[in-house]
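Asker: fold the stuff below for me.
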Amino acid sequence: MKPVAFALILALGSGFFSSIGAYAQTSDPQDEHALLLTGKKRSLIAYAGNGHSFTLEIGAHTAKPSDIPGFINIDKQIVQSTLVPVPNPNDVQSLTPAKEKTLLLGYMNYELKYYRKKLNQRYTHLQTEWVELHGRLFLLWYFDLPENDKVVSRQVYASTLFYNQVMDLNAPVFKADDWGKARTTLVRLAGTMKTFDKPLDLEALRKKL
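Answerer: Okay, here's the model as predicted:
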C-alpha cells in the first residue's frame, strides 16, 4: 500500500480516536480499542474494561490484523471496533428508547463534525438506519466521500450504547460496489455482541478458541 494511501485511510478511519475529547469523561476504558483474538477453531473481537466487557463473534471467517493499526481484516473487509465514554454517564442510568436514540445520534453528529472541521472532508449522501439485534439497538450510518478521493469511497458505521460508553464498529469502503459487504459484515458482528458485568481474561479466553 502506498504511504499516502495508508495515511489517508488511517486519518479517515481513526477520526474516532482523535475526536474523543468531549466524550472522555470517565476512567473506563483505559484502552479504547477492542482486540482480535484468534484460535484454532474460531476468532473473536473482545474488549476487557475495568468493570464491563464484551465479545463479538467472528467465527470461522478468515480474520487477521490489518496492515492499518487498530483495524482487523475479516474476509478482506477492514473493520475497527472502538469505545468512547458518553459525555454524561448519568444519562445512561435510566434510558428510554428515545433517550438512547438521542445519545447515539449525538455521537454520530460529533463524529460528522470531526470529518467536516478537522479532516476537511465534505461527505455526502448521509443515511441512517435503526436496527434492533437480539434486543440491542444499533444506529447504522454511512456516507459517501468525495469522488476525487482515490482511496476510500464510503464509510459505514454501526454504533450502540455499551453501559456508559458508545461501542462503535466502522468499515472503510474502497470500491463503491463493496459497501453492501461492509454493511453486512458490521451487522453480522453486531448481532453476536455479548456483554459481561466483569473484566475478561483475554489470554484465557484466547486459549479456549
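Asker: correct me, but residue 166 touches residue 106?
Answerer: No - shown here, residue 166 and residue 106 do not form a contact pair, counting by Cβ atoms under 8 Å, at 9.3 Å. Heads up, the C-betas are built off the backbone N, CA and C, glycines and all.
Asker: which of these two has more neighbours?
Answerer: Neighbour comparison, residue 166 and residue 106: the larger count goes to residue 166, with 24 against 15 (by other Cβ atoms under 10 Å).
Asker: on the three-state scheme, the closest residue in space to the more buried one that isn't next to it in sequence is what?
Answerer: Taking Cβ to Cβ, 6 or more residues apart in numbering as the measure, residue 166 lies nearest to residue 107, with 4.9 Å between them; neighbours along the chain are not counted. For residue 107, the reduced secondary structure class is helix; criterion used: DSSP: H, G, I helix; E, B strand; the rest coil.
Asker: correct me, but residue 107 touches residue 167?
Answerer: No - under the criterion of Cβ under 8 Å, residue 107 lies out of contact with residue 167, with a separation of 10.4 Å.
Asker: can you work out which residues contact both of the two?
Answerer: Jointly contacting residue 107 and residue 167 under the rule Cβ atoms under 8 Å, 6 or more residues apart in numbering are residue 159.
Asker: center of this protein, which residue is that?
Answerer: The central residue of the chain, meaning the one whose C-alpha is nearest the mean C-alpha position (Cα atoms, centre = their mean), is residue 169 at 1.9 Å.
Asker: so it sits right up against residue 155, yeah?
Answerer: No - shown here, residue 169 and residue 155 do not form a contact pair, counting by Cβ under 8 Å, at 11.4 Å.
Asker: tell me the contacts of the residue nearest to residue 207 when sequence neighbours are not counted?
Answerer: Closest residue to residue 207 apart from its sequence neighbours, by Cβ to Cβ, 6+ apart: residue 39 at 7.6 Å. Contacts of residue 39 were listed using Cβ under 8 Å, 6+ apart, and they are 206-209.
Asker: distance of residue 39 from residue 78?
Answerer: Residue 39 sits 21 Å away from residue 78, going by Cβ to Cβ, to the nearest Å.
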